[in-house]
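Participant: Next come a sequence and a model predicted from it.
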Amino acid sequence: MSSEKQLLSLINAAQVLTSTLDLNKVLDQLITEVLQVIAGADAGVFFKYEPKFDKLIAENAIGYNMDFLGKIQLSPNEAMTGKTFTSKQATIFDSKMDTEKNMLNLYPEHMDYYEKSLGKLMFPASAICAPLLTKEDSCIGILTIVSFNEAVRFTTRDLQLLETFARQAVIAIENARLFSQTERAQKIISELSQVSLSQKGLPDITVTLSRLVGKDICVFDEFSDLICSSSAEAQSNVQMVKQIAPDFFKENVTERHVIHSIKVDGICQSIYFFPIHANDSQIGLLTVFTPNNEDLDPLDLFAIEQANMIFALEITNQERFISEHFKYEGYLLEKLTQSRFADISPKQRLKMGILKNNHYISAYIQLIDPFTSFENLSVKKQQFSRLFYRHIQSFDHKVLVLEDNFEISLLFIAPQKMDEKEWLNAIQSFLEELLTQSHQRSLFDFYAGIGSVFSSIEQITQSLQDAKSCVQYLQTSHGKESIMSYKKLGLYRLFLAHSREELGYYVEQTAGRLIAYDAEQGTELVQTLKIYLECNQNITRAAEESFVHLNTIKYRLQTAKKLLNKQELTGKDLFELQLGIYMHEYLSTL
């Protein structure tokens, strides 16, 4: 072909390449023009490089059956095309011997597809390959032209011409790719905006994002509980991962855009983690599952970033709704604790669960945190409240909550038929689990008291005061316990109502001499007397409990009588002594 015709063909090709952004049309027309310009060319194929798989994939061809050729995925350095990709240098294969030698390393299945694409096995008599190189010197594909005519030998000029077409193809491909990315970015913004405005909730947002990135999506709350998934398969993946590594999601809940690889059901999965934040606090975790360790491309990350903000807004709105609900019920509970029963309508009572056939227990929590700075205390309290509300929602019975800074009043409501012991144990377990979870998340320690059971709502004030008495005792006892019920408080409930001075005076008047004697002589009169009284004045049992001889108990009791100036200890004497001893123990803990 004359230089003039070649120039016209190049101009025509350039016009075609810039006339459409349909990449398939561009590449088909490109190969058509090349075959017309390069004399003796019988067939041509464009192999696109796919970085995800590190393969060259036959995308467009003329002179081959694409039903078969399209199944070929060449590795770098495989056949003429693969070797050109590796070298990034346009290459001439100028004889059948040359082409055959460079195609013999085709994988057997690729050789089979190649043969079927031509109808029979034919190696080119001559071939030229040109890499499509970007400005960054990255090879995005190979353009290969072949001739099966023994009389044809491609020249350096043919190769230069093919390189010219390859450079135009790079421009066309990158234009089409940019257009495709722009179009996809617009689609991402449009669809995520629509799903956000529709206010259909987390499920629709999750499914939309999954469709946009073509990957399974799961959303967890800040406590590592799954709250939404894009499909049943995604949910199944989570369950399988938790079976393999129970704390996998919990351990990664604070990671920022970290990828972990894990084998699920025999398939390697990459799991991306994207924390969901609101007001400088993490409120959830977005995870993306990619099979076969596929990467997320920049537009995938863009879609996830946009969706992440929508997830944060949705989760925040849900938490706000829950918080407002609890605050409203807390407002009503406050009226009950202030004995303003007439201010609550029958309808409000019904919603609260205040029914004649129910019974109630009050509880009181005092949060403790001496180490957190003032500026971080508010964030920490919000996190605790979210944990608390979530914990209440998982409880089997109705709970009303009134929060006042670091003091929390609760009203537990259950059917009257429920066994009282079972009911108290359930509340004890509820508070213990809350304390454990608060510790695990480095939030607050707390004291909690469980009040007395009552069946008439008018008794709520006394029950709540009983719960506060338990906390008061726990605060002053310096013991290991953090939670106590009013029933367990026993005699100590009487002591809480009096000052230390009053209690000390009573101890001095009753057991004072025995306490002083023990301190001076190193004896155990008080302890012996306590055990003796707790054993219903049975000397034999008291000796066994004290691990001493029976005569030792008798001697100690006789010594106590002398110190108290008593020939015999009457029932009243023994009661006052026992009370004095318990008061002494109580004061010792303050």
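Facilitator: Sure, I can see it.

Participant: Show me the shaky parts of the stretch 1-150 of the chain.
Facilitator: Across the stretch 1-150 of the chain, the ranges flagged by pLDDT under 70 are 1-23.

Participant: How are the strands of it distributed by residue range?
Facilitator: 43-50, 55-62, 73-74, 91-93, 126-133, 139-147 (DSSP state E, counting those that start in this stretch).

Participant: So which of those is the most surrounded?
Facilitator: Mean neighbours per residue, mean count of other C-beta atoms under 10 Å, is largest over those for strand 126-133, with a mean of 26. Where C-beta positions appear, they are placed from N, C-alpha and C, glycine not excepted.

Participant: which other residues reach that strand?
Facilitator: 38, 40, 80-81, 84-85, 88-96, 99, 139-147, 152-154, 158-159, 162-163, 165-166, 169-170, 173 (C-beta atoms under 8 Å, 6 or more residues apart in numbering).

Participant: Of all the strands of the stretch 1-150 of the chain, which one is nearest G512?
Facilitator: Among these, the nearest to G512 by C-beta to C-beta is strand 43-50 (91.7 Å).

Participant: helices and strands around the closest one, which ones?
Facilitator: In terms of contacts (3 or more C-beta pairs under 8 Å, 6 or more residues apart in numbering; DSSP states H and E), strand 43-50 is packed against helix 23-37, strand 55-62, helix 79-87, strand 139-147.

Participant: need the ones you listed in TSV with distance to Q558, can you?
Facilitator: Listed next are the helices and strands packed on strand 43-50 as TSV, based on distance: least, C-beta to C-beta, whole Å:
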stretch	distance to Q558
helix 23-37	108
strand 55-62	100
helix 79-87	105
strand 139-147	105
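
Participant: I'd like to know which of the ones you listed lies nearest to S452.
Facilitator: Of all the helices and strands packed on strand 43-50, strand 55-62 sits nearest to S452, with 74.4 Å by C-beta to C-beta.

Participant: Residues contacting the closest one, please?
Facilitator: Where contact means C-beta under 8 Å, 6+ apart, the residues beyond strand 55-62 that reach it are 24, 27-28, 30-32, 35, 43-50, 64, 66, 69-76, 78, 81-82, 85, 117, 141-142.

Participant: just to revisit the earlier point, could you dump the strands of the stretch 1-150 of the chain to a markdown table with distance to L514?
Facilitator: Putting those into a markdown table (distance: least, C-beta to C-beta, whole Å) gives the following:
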| stretch | distance to L514 |
| --- | --- |
| strand 43-50 | 91 |
| strand 55-62 | 92 |
| strand 73-74 | 94 |
| strand 91-93 | 108 |
| strand 126-133 | 100 |
| strand 139-147 | 96 |
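
Participant: Select, out of those, the one closest to I392.
Facilitator: Between those, strand 43-50 lies closest to I392; by C-beta to C-beta that is 51.7 Å.

Participant: how far is the closest one from where the chain is centred?
Facilitator: Chain-centre distance of strand 43-50: 44 Å, with C-alpha atoms, centre = their mean, to the nearest Å.

Participant: Could you spell out the sheet neighbours of that strand, each with its direction?
Facilitator: When pairing is defined by DSSP bridges, strand 43-50 lines up against strand 55-62 (antiparallel), strand 139-147 (antiparallel).

Participant: Can you check what angle separates the helix or strand following the longest one from helix 23-37?
Facilitator: Using DSSP states H and E, the helix or strand that directly follows strand 139-147 along the chain is helix 156-198. In terms of direction (axes from the mean of the first three to the mean of the last three C-alpha atoms, to 10 degrees), helix 156-198 departs from helix 23-37 by 170 degrees.

Participant: who does whichever helix or strand comes after helix 156-198 touch, helix- and strand-wise?
Facilitator: Going down the chain from helix 156-198, the next helix or strand is helix 202-213, by DSSP H and E. If contacts are counted by 3+ C-beta pairs under 8 Å, 6+ apart, helix 202-213 sits against helix 156-198, strand 216-221, strand 226-229, helix 298-337.

Participant: give me that answer again for 10 Å
Facilitator: If contacts are counted by 3 or more C-beta pairs under 10 Å, 6 or more residues apart in numbering; DSSP states H and E, helix 202-213 sits against helix 156-198, strand 216-221, strand 226-229, helix 232-244, strand 281-291, helix 298-337.

Participant: Just the buried residues of stretch 512-528, please?
Facilitator: Neighbour-count burial for stretch 512-528, counted by 16 or more other C-beta atoms under 10 Å, picks out 512-515, 517-518, 525-526, 528.

Participant: Looks like T559 contacts V526 (just checking).
Facilitator: No. Assessed by C-beta atoms under 10 Å, T559 is found out of contact with V526, at 11.4 Å.

Participant: anything in contact with each of these two?
Facilitator: Both T559 and V526 are in contact with 514, 517, where contact means C-beta atoms under 10 Å, 6 or more residues apart in numbering.

Participant: With Q235 as the reference, measure out to D98.
Facilitator: D98 sits at a distance of 56 Å from Q235 (criterion: C-beta to C-beta, to the nearest Å).

Participant: Any stretches of the protein with poor pLDDT?
Facilitator: Within the chain, the ranges that satisfy pLDDT under 70 run 1-23, 244-267, 293, 370-375, 477-479, 490-498, 589-590.

Participant: and stretch 49-62, C-alpha only, in PDB?
Facilitator: The C-alpha trace of stretch 49-62 is given here as PDB (Å, rounded to 0.1, in the frame of the first residue of the first chain):
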ATOM      1  CA  TYR A  49      -3.900  -7.200  30.200                       C
ATOM      2  CA  GLU A  50      -5.900  -7.900  33.400                       C
ATOM      3  CA  PRO A  51      -3.800  -6.900  36.400                       C
ATOM      4  CA  LYS A  52      -6.100  -8.700  38.900                       C
ATOM      5  CA  PHE A  53      -5.200 -12.100  37.300                       C
ATOM      6  CA  ASP A  54      -1.900 -11.100  35.700                       C
ATOM      7  CA  LYS A  55      -3.200 -12.500  32.400                       C
ATOM      8  CA  LEU A  56      -3.500 -11.300  28.800                       C
ATOM      9  CA  ILE A  57      -7.100 -12.000  27.700                       C
ATOM     10  CA  ALA A  58      -8.200 -12.000  24.000                       C
ATOM     11  CA  GLU A  59     -10.800  -9.200  23.800                       C
ATOM     12  CA  ASN A  60     -11.300  -8.500  20.100                       C
ATOM     13  CA  ALA A  61     -10.100 -10.200  16.900                       C
ATOM     14  CA  ILE A  62     -10.700 -10.500  13.100                       C
END
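
Participant: Of all the strands paired with strand 43-50, which one comes closest to Y447?
Facilitator: Minimum separation from Y447 across the strands paired with strand 43-50 (C-beta to C-beta) falls at strand 55-62, 64.6 Å.

Participant: next one: the closest one to chain centre, how far?
Facilitator: Offset of strand 55-62 from its chain centre (C-alpha atoms, centre = their mean): 42 Å.

Participant: on that earlier part again, quick one: closest of the strands of the stretch 1-150 of the chain to E501.
Facilitator: Checking the strands of the stretch 1-150 of the chain against E501 by C-beta to C-beta gives strand 43-50 as the closest, at 85.8 Å.

Participant: returning to what we had before: tell me which of the helices and strands packed on helix 202-213 sits most buried.
Facilitator: Mean neighbour count (mean count of other C-beta under 10 Å) peaks for strand 216-221 among those, with a mean of 23.

Participant: what's it packed up against?
Facilitator: With contacts taken as 3+ C-beta pairs under 10 Å, 6+ apart, strand 216-221 sits against helix 202-213, strand 226-229, helix 232-244, helix 248-251, strand 267-278, strand 281-291, helix 298-337.

Participant: Present these as a markdown table; the columns should include distance to K135.
Facilitator: Shown next, in a markdown table, are the helices and strands packed on strand 216-221 (distance: least, C-beta to C-beta, whole Å):
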| stretch | distance to K135 |
| --- | --- |
| helix 202-213 | 28 |
| strand 226-229 | 42 |
| helix 232-244 | 39 |
| helix 248-251 | 42 |
| strand 267-278 | 30 |
| strand 281-291 | 29 |
| helix 298-337 | 18 |
